[in-house]
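Enquirer: model the structure of this input:
(chains A and B)
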Amino acid sequence: MTAGTGLTIAVPRGALFADTLDLLDLLEIDTSELRSGDRRLLFSGPALAQRGIDGIVTMRPSDVPTYVEHGAADLGVTGKDVLLEQTEREVYELLDLGYGRCRMIVAARRGDDALAESLRRLGSVRIATKYPGIATRHFADTGRQAEVVEVKGSVELAPLTGLVDGIVDLTATGRTLVENDLEEREQIEVCTARLIANPVAHKLKAQAIDALMARIRGRP
Amino acid sequence: MIHPTPPGTRDVLPDEMRELRALAAVLRRAFEGAGFGEVRTPALEYEDVLRRGDERAGPPGFRLFDSEGHVLALRSDMTIPIARVVAARYSDAEPPFRLCYFAHAFRAVERGRGQAAEFLQGGIELVGPPAPIGDAEVVSLVLEALDEAGLRRHRIGLGDASLYPSLLERLEVPEEDRAPLLERLGRRDLVGLEERVDRLDLGGEARELLVTLPTLRGGPEVLERLSGSLAPAVENLRACYELLSERGVAERVILDLGLVLELGYYTGAVFELYDPAVGFTLGSGGRYDDLLGRFGRPLPACGMALHIERVHVARTAEERLR
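Expert: A predicted model of the protein is given here:
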């Protein structure tokens, strides 16, 4: 946890950024500087301190559990997809914030049956994903052998070029899938934004954290 | 060319070594002064022996074969080796046994997570005295030792490993639903816990209890939140807290009804140490009344281990404040 008496909160940039700032506004935490669009990553000041916030740090969602686990932030907001991929992180998952809803799915090329065909004739499927942990666990849990290929960029390309039979990826609207001639085959999990906490901060800053949670639960 | 060391291991050079030695010396003096004699056990043990202590644990982080094909493992903590020592070497002696240790333990780590695969533990084991008197002796001695080591802001979380399981039993939660609930609690996944509790279709009060109990932490007022019928676990916590008040360390104690630890051998009180300067716990421990029986000498016991390198970080931060 952070050494100050107030809370330090890790806020994810990207898809969850706008909704997270709206949530902070509802809690009467000043977000005007975060919204100003400058390139600073760390925000603090009297307006935040007045609300019991020592600082707000912004980062990509997949880094939030790292900062929170090590106590560089007391609380953080990140997607359930990130937490499912980083299951070994020692953080408290305190609250389902409800926004940022999307789904972790298995998708394959429309019109052919490469997934079933590979399983039947070759004994295993090849899956491309940015979420190797989730993909490996899903196929193991459903009793299928899978060779998981980790890619960093656009996963949709992998089945189109014949690199793999299918993909495991996060989808909100499904539009990217359609545009790339892919279709959903299985849903693995529905993912929303979560509030997480450092275990030491959860004990030593219990009052501040519980008060914040009560206000989040009671929001309109 | 730089020759690497395995992930999670590191070299210690003289400046740090002097400070670690000095810190361990202060703690050792405190432990020895309270009658806890230091022991040393082998870093390598037979895997079967370690497994006997905690059959629910995963495989040890490091295993190897000796020249005769026996599977050896590097110890992942000192509690199980000391349980073995007490059963084997003090089989006829009259308890209590008070032992302390300063030794390296080993756990598997993932690359790039900044965790230690080899870490220095210092701790105490108290064999014989039952709860709550034994628990209070262990907790207060560790708190005093940390005072002497120069920490000023450390706190200890005090919970009970049997609390949630006995609550599930009292509420007559079906057997097959208990493990998934405990697993989510153990992972600190309070969202998943609530989802799973909602599937049970319990009455409002029972549901509320199962969902809020893990979030109850603070002073003795948290015990008031539970009705009197709840299990000896609460009574034991209350009794332990009273003993700690008498010993004058109550202001360092956070009663934590949701506290659960990874290790499977805890049967009663569990402890976790915190300091505001460190994001991870400084140490942990608890009561393990069934463990020695598995080695043939059934005796109640309780202990706590400090992560010396993290205590060192906390102390360094403390010095900067002065």
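Enquirer: three-state assignment of the residue nearest to the spatial centre of chain B?
Expert: Most central in chain B under CA atoms, centre = their mean is B:Gly285, positioned 2.2 Å from the mean C-alpha point. Following DSSP: H, G, I helix; E, B strand; the rest coil, we place B:Gly285 in the strand state.
Enquirer: model confidence over stretch B:49-60, on average?
Expert: Throughout stretch B:49-60, pLDDT has a mean value of 81.
Enquirer: identify each buried residue in it, please.
Expert: B:49-51, B:53-54, B:57, B:60 (16 or more other CB atoms under 10 Å in any protein chain shown). Just so you know, the C-beta spots here come from the backbone N, C-alpha and C atoms, and that holds for glycine as well.
Enquirer: now the two most distant members of those.
Expert: B:Val49 and B:Ala57 (12.8 Å; CB to CB).
Enquirer: and the longest strand for chain A?
Expert: In terms of residue count, the longest strand belonging to chain A (DSSP state E) is strand A:182-191.
Enquirer: tell me the helix or strand right after that one.
Expert: If you walk from strand A:182-191 toward the C-terminus, the next helix or strand you reach (DSSP states H and E) is strand A:193-197.
Enquirer: residues contacting the residue of chain A found nearest chain B?
Expert: Nearest to chain B, among the residues of chain A, is A:Gly71, at 1.8 Å (CB to the nearest CB). By CB atoms under 8 Å, 6 or more residues apart in numbering or on different chains, A:Gly71 lies in contact with A:1-2, A:198, A:200-201, B:278-280.
Enquirer: nearest spatial neighbour of it, chain-adjacent residues omitted?
Expert: Nearest non-adjacent residue to A:Gly71, counting by CB to CB, 6 or more residues apart in numbering or on different chains: B:Gly279, 1.8 Å away.
Enquirer: next: B:Cys240.
Expert: That would be B:Pro132: by CB to CB, 6+ apart, it lies 3.9 Å from B:Cys240.
Enquirer: burial measure for the one you found, as a count.
Expert: Neighbours of B:Pro132 under the rule other CB atoms under 10 Å in any protein chain shown: 23.
Enquirer: kindly state the pLDDT recorded for it?
Expert: For B:Pro132, the model assigns a pLDDT of 94.
Enquirer: looks like it contacts B:Glu246 (just checking).
Expert: No - the pair B:Pro132 / B:Glu246 is not scored as a contact, 11.3 Å apart, by CB atoms under 8 Å.
Enquirer: show me the contacts for residue 145.
Expert: I'll assume chain A. Neighbours of A:Gln145 in contact, by CB under 8 Å, 6+ apart: A:119, A:123-125, A:139.
Enquirer: wait, chain B was what I had in mind.
Expert: B:26-27, B:30-31.
Enquirer: again, only this time at 7 Å
Expert: B:27, B:30-31 (CB atoms under 7 Å, 6 or more residues apart in numbering or on different chains).
Enquirer: from those residues, which is closest to chain A?
Expert: Distances from chain A to the contacts of B:Ala145, taken by CB to the nearest CB, are shortest for B:Leu27, at 20.6 Å.
Enquirer: tell me how far the helix or strand A:Glu69 falls within lies from the chain's centre.
Expert: Per DSSP H and E, A:Glu69 falls inside helix A:64-70. Taking the mean of its C-alpha atoms, helix A:64-70 sits 13 Å from the chain's own mean (CA atoms, centre = their mean, to the nearest Å).
Enquirer: what helices or strands is that helix leaning on?
Expert: Helix A:64-70 sits against strand A:7-12, strand A:75-79, helix A:80-85, strand A:193-197, with contacts defined as 3 or more CB pairs under 7 Å, 6 or more residues apart in numbering or on different chains; DSSP states H and E.
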